[in-house]
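> Turn this into a model:
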Amino acid sequence: MTIKELQTIIKDIENSPLMTLELEMDDFKLKLSKNKFEQKEPVAVESKKVETFEVKELPVADHTKGQHVKSPLVGTFYLSPTINGNPYVEIGQMVKKGQVVCIIEAMKIMNEITSPYDGILKDVLIRNGEVVGYDQTIMVIE
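Below you'll find the model as predicted:
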């Protein structure tokens, strides 16, 4: 396989919805993955800067009352559509089911998160710009 063929395969995978590709030929094996968190075999990396982050579960006060709005994916949490824009919702505000309450950015895609409940927003448990984990409670609606 030539370098040009490899470059073509890599570009095709980058532009496709596929997350992983494994290709095995006679004496050649290639594994490509867009998943940053999947790494089963050690890989030599020639990089001076390695970016790491930790997903933290914030301590929850007494949020036994109310419905928990949970993150459907891992990403960066934003309360407003722009840096200096107004937040989608504020504590104490009435929220309708289906209303956009925040954005979670994952892989450069802005995912609008909607409220699954009607009620009053009691608390926002994640700060703007922080990393949120899958199924982590981000808001409480009562």
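> What's the separation between the closest residue in space to residue 95 that isn't next to it in sequence and residue 4?
Closest residue in space to residue 95, ignoring its immediate chain neighbours: residue 115 at 4.8 Å, by C-beta to C-beta, 6 or more residues apart in numbering. Heads up, the C-betas are built off the backbone N, CA and C, glycines and all. Here the criterion is C-beta to C-beta, to the nearest Å. By it, residue 115 lies 50 Å from residue 4.
> try residue 86
Distance of residue 86 to residue 4, given as C-beta to C-beta: 50 Å.
> can you give me the helices in the protein?
Counting by DSSP state H, the segments of the chain that form helices are 3-14.
> Excluding sequence neighbours, find me the nearest residue to the residue nearest the centre of the chain.
The residue at the geometric middle of the chain, judged as the C-alpha nearest the mean C-alpha position with C-alpha atoms, centre = their mean, is residue 75 (2.2 Å). Nearest residue to residue 75 in three dimensions, chain neighbours excluded: residue 106, at 3.5 Å (C-beta to C-beta, 6+ apart).
> My guess is residue 30 contacts residue 6. True?
Yes - with contacts counted by C-beta atoms under 8 Å, residue 30 reaches residue 6, the gap being 7.4 Å.
> And the strands in this structure, which stretches?
For the chain, applying DSSP state E gives strands covering 20-25, 28-33, 67-70, 75-78, 94-95, 100-106, 109-114, 119-124, 131-132, 137-141.
> and residue 115 and residue 4? which has more neighbours close in?
Under the neighbour definition other C-beta atoms under 10 Å, residue 115 and residue 4 were set side by side, and residue 115 has more, 21 against 8.
> okay, which residue of the chain is out on the far edge from center?
Residue of the chain lying farthest from the centroid, by C-alpha atoms, centre = their mean: residue 26 (37.8 Å).
> any idea how far residue 8 is from it?
Distance check for residue 26 against residue 8: by C-beta to C-beta, it reads 20 Å.
> what's the neighbour count on residue 30?
Counted with other C-beta under 10 Å, the burial measure for residue 30 works out to 13 neighbours.
> Noted, bye for now.
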